[in-house]
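Engineer: what shape does this take:
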Amino acid sequence: MSNANSSEMIRDFIWKKVPAPKRKAFNDETPLLGSGIIDSLAMLDVLAFLEASFQISIADDELIPENFGTVKSLVSFVDNKRSALQISAG
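Structural biologist: Numbers count the residues shown, from 1 in each chain. Here you go, the predicted model:
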C-alpha cells in the first residue's frame, strides 16, 4: 500500500468523525484534538482503525502529538511503522 493510499484511508476515516460544522476548516494539517475535530473517544476509534487497517501495533509511548496531532502526522507515523515492519520481516 502506498503513502497516497494510506493518506486517503486515514483522511476518509477521520472525515467521517468530523462534526459537520467543522468540515470546512478540516485539512491534513488541522490539529485533530486541539481544534475539536475529534474528541478523545473518537481517538480510540482512530487507534483501533489504524491497528486493524494497517496491521500495526501502537504502544502507549507512541501516543504523542508528534504522531497523532494531524492527518499528516498520522500518515507519516503509520508509514514509518509499516516500513519498520517490512524491514524486520525482510
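
Engineer: how distant is the one helix or strand Ala52 maps to from the center of its chain?
Structural biologist: Per DSSP states H and E, Ala52 falls inside helix 40-54. Relative to the chain's own centre, helix 40-54 is displaced by 8 Å; criterion: Cα atoms, centre = their mean, to the nearest Å.

Engineer: tell me what that helix is packed against?
Structural biologist: Counting contacts by 3 or more Cβ pairs under 8 Å, 6 or more residues apart in numbering; DSSP states H and E, helix 40-54 packs against helix 3-17, helix 71-89. (C-beta placed from N, C-alpha, C; glycine too.)

Engineer: tell me the angle the longest one makes with helix 40-54.
Structural biologist: When axes from the mean of the first three to the mean of the last three Cα atoms, to 10 degrees is applied, the directions of helix 71-89 and helix 40-54 differ by 40 degrees.

Engineer: check which helices and strands helix 71-89 is in contact with.
Structural biologist: Applying 3+ Cβ pairs under 8 Å, 6+ apart, we find helix 71-89 packed against helix 3-17, helix 40-54, helix 65-68.

Engineer: so where's the protein uncertain?
Structural biologist: Filtered on pLDDT under 70, the chain yields the residue ranges 1-4, 89-90.

Engineer: which residues touch the most centrally placed residue in it?
Structural biologist: Most central in the chain under Cα atoms, centre = their mean is Leu74, positioned 3.6 Å from the mean C-alpha point. Residues near Leu74 by Cβ atoms under 8 Å, 6 or more residues apart in numbering: 10, 14, 46, 50, 67-68.
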